[in-house]
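Chemist: Here is my input, please return the structure:
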Amino acid sequence: MPDLLTHKGSCHCGKVQFEIDAPADLHAHACNCSMCYRSGGDQMIVPASRFRLIAGADSITTYTFNTGAAKHTFCKYCGIKAFYIPRSNPDGFSANLRCLDRTHIKSVVVEPFDGQNWELHAGALAHLSRDE
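Modeler: Here you go, the predicted structure:
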């Protein structure tokens, strides 16, 4: 596995701040499910052990729908979804790459993910939240 760096992230107003440990070359997904398509962002799933909420726990509100497995978190003040707990990987976090500080990012590859047909494709993401 490539060396991991600490990437800092935040919502627009800065009340919600987090860190993820990830390589300098990032790999994310652009999902077309009903939620991701509307809210935008390129999502990178990391194991829970590589995610830290630094500030703003009291500034977060959570939205769930359908099965309730995904926990879509938003800043109560600016409305940005900086990260969430994905249905495909409830043991990890999905960070919005557009909310990360660019300091340590060398490259980003974003692949499409067919979330409209979630049941057929979710298994392809399962490994992303495992510690390796």
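
Chemist: which stretches of this protein have low pLDDT?
Modeler: Across the chain, the ranges flagged by pLDDT under 70 are 1.

Chemist: Break down it into its helices, ranges please.
Modeler: Ranges of helices within the chain are 34-39, 118-121, based on DSSP state H.

Chemist: can you tell which of the ones you listed is closest to residue 22?
Modeler: Comparing the helices of the chain against residue 22 with CB to CB, the closest turns out to be helix 34-39 (19.3 Å). All C-beta spots, glycine's among them, are computed from the backbone N, C-alpha and C.

Chemist: Identify the residues contacting the closest one?
Modeler: Residues outside helix 34-39 that contact it (CB atoms under 8 Å, 6 or more residues apart in numbering): 30-31, 43, 65, 70, 72, 81, 115-116.

Chemist: Show me just the buried residues among the residues you listed.
Modeler: When these are checked for burial by 16 or more other CB atoms under 10 Å, the buried set is 30-31, 43, 70, 72, 81, 115.

Chemist: picking up where we left off before, mind giving me JSON lines with the contacts of helix 34-39 and columns for distance to residue 90?
Modeler: As requested, these are exported to JSON lines (distance: CB to CB, whole Å):
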{"residue": "30", "distance to residue 90": "21"}
{"residue": "31", "distance to residue 90": "16"}
{"residue": "43", "distance to residue 90": "14"}
{"residue": "65", "distance to residue 90": "15"}
{"residue": "70", "distance to residue 90": "8"}
{"residue": "72", "distance to residue 90": "13"}
{"residue": "81", "distance to residue 90": "17"}
{"residue": "115", "distance to residue 90": "15"}
{"residue": "116", "distance to residue 90": "20"}
